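1. Quick one, fold the following:
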Amino acid sequence: MMRLAWNAFLPWLEGKYPGEVHHLEAALESIGNFHDDVSQASLGELMENASCNCIMELRKTNKAALARELEKNVAPADVIPEPSATIIDGMSLVQQMKGDDKTFTQLAESALAKVLHEGAKSQRIDFVFDVYKETSIKDAGSQGEWVDHR
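-> Here you go, the predicted structure:
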């Protein structure tokens, strides 16, 4: 099953990242047999290897492009079942905010208004921020240690 998914995904990857796919393929091979159940492969191990170049320097990957490609064939739900919950990416919300000489109180009110608007039909709203291990690529990126090979 994993081999089938990989073969379907490979042409898109090659087009987006020419010459880089062999790193990901090597990572997949090192994790185990392609014919194993997908749930047995650790995504953490896979991404850890795929996020490095051939000399193991950290490099940022464009996960947004991958998400867009995966989401383009998914239709939005016509009806959201009740009860429902809304999960809001805290860092994304912070990055969308524009100060425009606003006070901290005004920024907080603006953020709260966005959160309440997004979750208006939900019984629960979770506002989450990512937490990274010290050795993660995100942590290295925030410290300016990653290498961008685009």
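
2. in this protein, which spans are helices?
-> Secondary structure of the chain (DSSP state H): helices at 2-16, 21-31, 43-50, 63-71, 90-96, 104-118, 137-142.

3. What average pLDDT does stretch 71-89 get?
-> The pLDDT scores in stretch 71-89 average 83.

4. And this structure, what are its domain boundaries?
-> 2-74, 76-150 (automatic domain parsing).

5. Any idea which of these has the lowest pLDDT on average?
-> Minimum mean pLDDT among the domains of the chain: domain 2-74, a mean of 60.

6. Just list the residues touching residue 83, thanks.
-> Contact analysis of residue 83 by C-beta atoms under 8 Å, 6 or more residues apart in numbering lists 122, 123, 124. C-beta coordinates here come from the backbone N, C-alpha and C atoms, glycine included.

7. Need those in JSON lines (columns: neighbour count).
-> Shown next, in JSON lines, are the contacts of residue 83 (neighbours: other C-beta atoms under 10 Å):
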{"residue": "122", "neighbour count": "15"}
{"residue": "123", "neighbour count": "10"}
{"residue": "124", "neighbour count": "10"}
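
8. Which member of the residues you listed is positioned nearest residue 98?
-> Within the contacts of residue 83, distances to residue 98 taken as C-beta to C-beta reach their minimum at residue 122, with 25.5 Å.
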